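Undergrad: Sequence isn't available, so here's the structure alone:
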């Protein structure tokens with residue numbers, strides 16, 4: 001399997017004419033990179049940018065749930081740690097999801113979305129920096145992903161109505 005850059009992510013996948021790279025969802029501490037996605041900044045975003053931001057927010061919510069669960073259960077996440085600890089904990093998290101899911105993640109523990117697409121925060125939250133210049137390649141990758149989540153192939157049926165009807169501007 002081919003990998004891209006230092007992140008060692010699998011090569012991009014092809015889907016109906018789109019070259020879709022694997023990527024990480026960034027924290028505010030890190031700049032936009034081709035393999036590290038962030039929201040479109042600002043308040044005057046077009047509908048497609050708002051939809052992309054909403055979908056990226058949904059994926060980030062999954063990540064926050066995972067680390068929120070692990071932080072509430074494993075003290076190591078409350079202190080500075082190294083990459084190997086993170087990798088080990090992600091493996092443990094995935095194992096527990098497969099084998100002990102009902103006890104590990106009880107109903108209502110993780111964030112979810114209601115049938116209108118609105119966020120419902122999980123109970124794990126009770127237990128528990130700015131944009132830098134980005135490369136043109138990274139911005140082009142984000143635009144490709146934006147176009148994909150707004151295409152017939154990559155969209156979900158409610159996203160346009162949710163973003164435009166609710167007047168949401170995510171950043």
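TA: Cool, got the structure. Since this is a predicted model, take the numbers as computed values, not measurements.
Undergrad: who's in contact with residue 163?
TA: 47, 50-51, 54 (CB atoms under 8 Å, 6 or more residues apart in numbering). C-betas here are computed from N, CA, C, even on glycine.
Undergrad: let's go with 6 Å and repeat that
TA: 50-51, 54 (CB atoms under 6 Å, 6 or more residues apart in numbering).
Undergrad: Likewise for residue 109?
TA: With CB under 6 Å, 6+ apart, residue 109 has these contacts: 122-124.
Undergrad: For the chain, spot the helix or strand the model is least confident about on average.
TA: Ranked by mean pLDDT, DSSP states H and E, the weakest helix or strand in the chain is strand 3-4, scoring a mean of 44.
Undergrad: Helix or strand next in line after that strand, which one?
TA: Moving toward the C-terminus from strand 3-4, the next helix or strand (DSSP states H and E) is strand 9-10.
Undergrad: How far away from the center of its chain is the helix or strand that that following strand is followed by?
TA: The first helix or strand that comes after strand 9-10 along the chain, using DSSP H and E, is strand 13-15. Chain-centre distance of strand 13-15: 19 Å, with CA atoms, centre = their mean, to the nearest Å.
Undergrad: and residue 135, how many neighbours?
TA: Neighbours of residue 135 under the rule other CB atoms under 10 Å: 12.
Undergrad: dump the residue contacts of it.
TA: Residue 135 touches nothing, counting by CB under 6 Å, 6+ apart.
Undergrad: Now that we're looking at it, what pLDDT does it have?
TA: We have a pLDDT of 74 for residue 135.
Undergrad: so how far is residue 107 from it?
TA: 43 Å (CB to CB, to the nearest Å).
Undergrad: hang on, residue 10 packs against residue 21?
TA: No - counting by CB atoms under 6 Å, no contact exists between residue 10 and residue 21, whose distance comes to 8.8 Å.
Undergrad: Could you check which of those two has the larger neighbour count?
TA: residue 21 (16 against 11).
Undergrad: who's in contact with stretch 138-155?
TA: Under CB under 6 Å, 6+ apart, the answer for stretch 138-155 is 16, 18, 21, 32-34, 37, 48, 51-52, 55.
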